[in-house]
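Visitor: Below are the sequence and a predicted model for it; my questions follow.
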Amino acid sequence: MSAAEIGTQYATFVVDQLFFGIDVLRVQEVLRYQEMTRVPLSPFVAEGLINLRGQIVTALDMRRRLALPPRPPERLPMNLVVRADEGPVSLLVDEIGDVLQLDQSAFEAAPDNVSASARDLIRGVYKLKERLLLVLDPDKTLEVDEFLESRTQGSI
Amino acid sequence: MSEQDVIREFLIESHENLNRLDQEIVELEQRPSDKDLLASVFRTIHTIKGTCGFLGFPCLERIAHHAETLLSRVRAGERALSSDLVALILECLDAVRKILAAIEATGKEGPDEYASLIDKLESAADGTATDRGAAPADAVQTESERGSAVSESAIRVDVGLLDKLMNLVGELVLARNQVLQFTTQKEDGELNATSQRLNLITTELQENVMKTRMQPIGVVWNKLPRLVRDTAHACGKRVRLEMDGSGTELDKTIIEAIKDPLTHLVRNCCDHGIETPEERAKAGKPTHGTVTLKAYHEGGQVNIEIADDGAGVDVAQVKQKALEKGLIRPEQAERMSDHEVFQLIFQAGFSTARAVTKVSGRGVGLDVVRSNVERIGGTVDVSSVLGQGTTIKLKIPLTLAIIPGLVVTSGGERFLIPQASLLELIRIDGDSAGKIERVHGTPVYRRRGRLLPIAFLNQVLGLRAVSNEDVVNIVVLQAEDHQFGLVVDGIKDTQEIVVKPLGKQLKGLSVYAGATIMGDGRVALILDVLGIGQRSGVLTRREEQSRSESQAAPAAGSDLQRLLLFQAGSFARVAVPLALVARLEEFPQSVLEHAGGHHVVQYRGGILRVVSLSSVLEPDSPNTAATRDPVQVIVFVDGARSLGIMVDQILDIVEDSVAIRQPSKRLGLLGSAVVGKQVTDFLDVRAVIRAAAAEWLDPEQAGRNTSVMVADPSAFMRGLLRGELEMAGHRVVEAGSSGEALNRLEHSQIDVVLTAMDLPPEGCRGLREAMDRQGSLGQIPMVALASSEEQLRERPEGFADCQMRLDREAMLASIERLAAAVGHEETGAPASPARSQA
């Protein structure tokens, strides 16, 4: 089979009942919950820092990134470690799913009724049999500069 | 080996050779008869020629060939090595460099544009060029030993590989820390022994890997003789470069980082520092200027000094320039210490060079030097004596990768503070005497009689407060020129930490310098001391920091000052410069006693006289401050004596630019100004003290107009004396030390010098002797001011008079008598007070 026929492989995960996929080539690894060091004054979406075998990795909470309701405290998130130019970044998600191989025919641009906070990050949608898979743009997901002041306000 | 590898090797080798040649040729110019040196130069050029012929670079080969021919004539004694010849050879080396750069970039030699150079080389070799026989230029004197640098026991290692090794060692150090923490929890002898060995080996490995990255500072220095020679020639100066400690080793990254600043500073020395031979001869100095480079280890840091024996920094001229450029205001200029003035030359847009030259004078550079050095955690300091030279001292850390840090806790989290910014640790137990006080939200701590601004780490970072009323831990930190205290919940131990940068999502946080992994495997944040200081508000922005420290006199005019605001009686907002205030106290009403008709308090083993401010400002109104419980007291201290002023309420400490707009006629007030958008009255401390505690000062009296220098290390004393003298109609120039006094004396017309007997560094006699040596200054009469009866009895030699420091009448009488004797008797009625309040 040629590369075109294989289509793209997606690592899938769940965040608050939404089903997401991210290009598997951008995923470095998946880890269960890790102890985290909070970073006071950090942007709202940055949950903390984890020690990934001696490397310090920033963990972003995908629920906050997508403006979804907070995760129940008893439910520990999983780490989906994504490669980026400046080193790996961990995305905190609710559940990790399978790697799916999908071909272009089922792909469609994101519908207009996707919430505004998510639309920027979503490249498009795969119409699977039982549910929709939202494809995340990894680089835009890691772009959090505009959130920088959201939690720092009023802390002094 | 592929052809590309061969070319890469060739490039590396040629660059090394060229660098050596630069130095050797400049040296050769100095010692043209040194046969060995000449042979070495010849050999090196021959090697370059040989290799490029082999690799097929005809243009390069041709230049090298002609240079070789020329040198062979010199070697044979047919040509004398003139300064022109040296210049020509150096020009060749530059051409070779240019071609090498082209080869590096494109693999080809680039266009052949060297025909004229080759012509020149040929004619020089044939002796057809007019040999002007210029004197050899002055150049280098290095520490002798420097033969062939290449040693057989060394191999070349890729820097990338070393970086990787360093990173791995960093990881190993962290893993070692984790293992050690783990084993302390187990009681297993064998495991303990093994982990101890692991510990030792790791430490040794870390040291040695760090050493592989160490390079002698000579790597950067060996480019400087050429630079000095070229710069000196371009400026028409004669400069000798001396180097000491070129073997001092630094981490490679740091060497890279200081290369440009160092080059700039040396060039600056040649262009700005050293005078032309004519000027030097006039000043009685040897016509050769000397630039000295010195490097040495000290306390885990490397100090690099760049000294010249040139003209020195002209404080008056720098001030003038800074005024012209609007960097400072006139009132500021008057009060700046010499050290502060020197700092000005590091501000952006500053250059004292009279003309823009090819080399410098455009006012870009020294500010970049400072920011480059500070970026790698170093500091820059300048000292200068007018006419004798300037010394610039850089303090640079040995390495950036692994630093010692202090572990502290706050709000249940751990943080690290780089040891380099740490000054001291203070622990306060339940004792109420030394608590942190809040002045309307601005916390301060009395540290050895001085108010230290305080920040709470948990507040700065928005963390929850861990209530612990009994113990307060203060970490005293230094950021740039300022100190502040950071209150933390707990202070743990110090650790070697590996600094790792934060991801881009967190880069915008100025309060962190990075993060590291602790012994338990968790991540901990490293605090950025400067960022913490700025965020908490204890440090002001850079432009505000250049304000003068000597703000003792609450004089009129506009200046940035730290002000203590308080309320007294019906005066809702009164200000006093914080510099005058020694301490703030709160006394319960019950400790207030009466003695000799005054309020007194037993305080620190003595008796503190307290006066009510309202009794001075509003003698007819009821005295509210004295009846409060507790009583709020502002304490003023001079030496062993102190005086408290009771006020109703302390409001705030603010920093503001003060311009007194509305002079006041009321006794005890200087006038009013807008501070923090509210009208505020300014306290005239001297008048209040005079009115309420006459024994501190004596009644005033109109006087005469004389220029008086007040040299006293205490800013408070200078302020008081200035007030006294100005009220008597004299002009006052202040100096805090002997050096500063001398500098000011040279630039102002001073009639009488008043000097404290304990003037640093060598007492008042030191100043007298220094003035005597200066010829014209020897004529100025001096009055020694004693601060005790014992001192008064000493009566040092060479002084026209000796008085008690606060014996106002005697002091003024002395000045008048001496001024009259010198012949500066003024003409008419007493001049109007110089202390203008408009």
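Guide: Yep, that arrived. Residues are numbered from 1 along each chain as shown, chains lettered A, B, ... in the order given.

Visitor: nearest spatial neighbour of B:Leu38, skipping sequence neighbours?
Guide: B:Arg75 (5.5 Å; Cβ to Cβ, 6 or more residues apart in numbering or on different chains). Placement of C-beta: from N, CA and C, glycine included.

Visitor: Which residues of the stretch 401-550 of chain B lie near chain A?
Guide: Counting by Cβ under 8 Å from any Cβ of the partner chain, the stretch 401-550 of chain B comes close to chain A at B:411, B:413, B:459-463, B:500, B:502-506, B:508-509, B:511-512, B:515-517, B:521-525, B:535-536.

Visitor: List only buried entries from the residues you listed.
Guide: Among those, those scoring as buried are B:411, B:413, B:459-461, B:463, B:500, B:502-506, B:509, B:511-512, B:515-517, B:522-525, B:535-536 (criterion: 16 or more other Cβ atoms under 10 Å in any protein chain shown).

Visitor: can you tell me which of those residues are in strands?
Guide: B:Glu413, B:Tyr512, B:Ala515, B:Thr516, B:Ile517, B:Val523, B:Ala524, B:Leu525 (DSSP state E).

Visitor: Low-confidence ranges, chain A, go.
Guide: A:1-6, A:117, A:145-156 (pLDDT under 70).

Visitor: Hmm, B:Ile653 is touching B:Pro443, no?
Guide: No: in this structure, B:Ile653 is not within contact of B:Pro443 by Cβ atoms under 8 Å, at 9.6 Å.

Visitor: Residue 27: how many residues sit nearby?
Guide: Using chain A. 21 (other Cβ atoms under 10 Å in any protein chain shown).

Visitor: I was thinking of chain B, sorry if that wasn't clear
Guide: 19.

Visitor: Ok, A:Phe107 next?
Guide: Neighbour tally, A:Phe107, other Cβ under 10 Å: 16.

Visitor: What is the burial count for whichever residue of the stretch 51-200 of chain B sits closest to chain A?
Guide: Distances between the stretch 51-200 of chain B and chain A by Cβ to the nearest Cβ are smallest at B:Glu171, namely 4.4 Å. As a burial measure, B:Glu171 scores 14 neighbours (other Cβ under 10 Å).

Visitor: residues in contact with the residue lying closest to it once chain neighbours are set aside?
Guide: Spatial nearest neighbour of B:Glu171, chain neighbours left out: A:Gly54 (4.4 Å); criterion: Cβ to Cβ, 6+ apart. Contact analysis of A:Gly54 by Cβ atoms under 8 Å, 6 or more residues apart in numbering or on different chains lists B:Glu171, B:Leu174, B:Ala175, B:Ile517.

Visitor: Do a quick rundown of the helices in the stretch 451-600 of chain B.
Guide: Assigned by DSSP state H, counting those that start in this stretch, the helices in the stretch 451-600 of chain B fall at B:457-460, B:529-536, B:542-545.

Visitor: Could you do chain A as well?
Guide: A:3-6, A:62-65, A:116-119, A:138-142 (DSSP state H).

Visitor: Compare those and give me the one nearest B:Ala101.
Guide: Of all the helices of chain A, helix A:138-142 sits nearest to B:Ala101, with 36.3 Å by Cβ to Cβ.

Visitor: Counting neighbours, which bits of that closest one end up buried?
Guide: Buried residues in helix A:138-142 (16+ other Cβ under 10 Å): A:Pro138, A:Thr141, A:Leu142.

Visitor: Tally up the residues packed near residue 42, please.
Guide: This is for chain A. 26.

Visitor: other chain: chain B
Guide: By other Cβ under 10 Å, 16 other residues sit near B:Phe42.

Visitor: same thing with the one 3 residues further on?
Guide: Burial of B:Ile45 is recorded as 28 neighbouring residues (other Cβ under 10 Å).
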